[in-house]
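> Following is a predicted model, sequence given first.
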Amino acid sequence: MLAAWLANALHAVPLNTLEVSPPVELRAAHNTRPPPLSPVVHHQAGQTCQQARQYDRAIDEYRQALALSSNFNISYESMSWAYRRQGEYAEAIAPSAMAFPAGNTTSRA
């Protein structure tokens, strides 16, 4: 019965009065980048870029994650891998050392 009422109510509304596109405020907000919520957001973006072989963009995302949380060691490790995949082995040393501080053998220090 509710479905029949809803169908009749929708047919009663002229189609030219329905707004098809979102308001300007929503469109403007949709076209901007959301504020960073946590380093995880940037780390995941870096992982996506790295899988697409966009290593420079991945490194930038890892840097943004580390700017939010300097002890987010997994981003150091991933940054090191991105440098290595580009063949920049000397650049990979510093992030790798940060990923495994004080002789730790895991990235979850």
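Yep, it's here.

> Low-confidence regions, the chain specifically.
Counting by pLDDT under 70, the chain has low-confidence residues at 1-37, 102-109.

> residue ranges of the helices in it, please?
Taking DSSP state H, the helices of the chain run over residues 2-12, 24-30, 39-51, 55-68, 73-85, 89-99.

> if you compare these, which one is most tucked away?
Most buried of the helices of the chain, by mean neighbour count (mean count of other Cβ atoms under 10 Å): helix 73-85, with a mean of 22. C-beta coordinates here come from the backbone N, C-alpha and C atoms, glycine included.

> May I have that one as CSV, with CA atoms only?
The C-alpha coordinates for helix 73-85 follow below in CSV (Å, rounded to 0.1, in the frame of the first residue of the first chain):
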residue,chain,number,x,y,z
ASN,A,73,56.6,4.0,10.4
ILE,A,74,54.8,2.1,7.7
SER,A,75,54.9,5.3,5.5
TYR,A,76,58.6,5.5,5.9
GLU,A,77,58.9,1.8,4.8
SER,A,78,56.6,2.4,1.8
MET,A,79,58.5,5.5,0.8
SER,A,80,61.7,3.5,0.8
TRP,A,81,60.1,1.0,-1.5
ALA,A,82,58.9,3.7,-3.9
TYR,A,83,62.4,5.1,-4.1
ARG,A,84,63.8,1.6,-4.8
ARG,A,85,61.3,0.9,-7.5
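
> I am finished for the moment; much appreciated.
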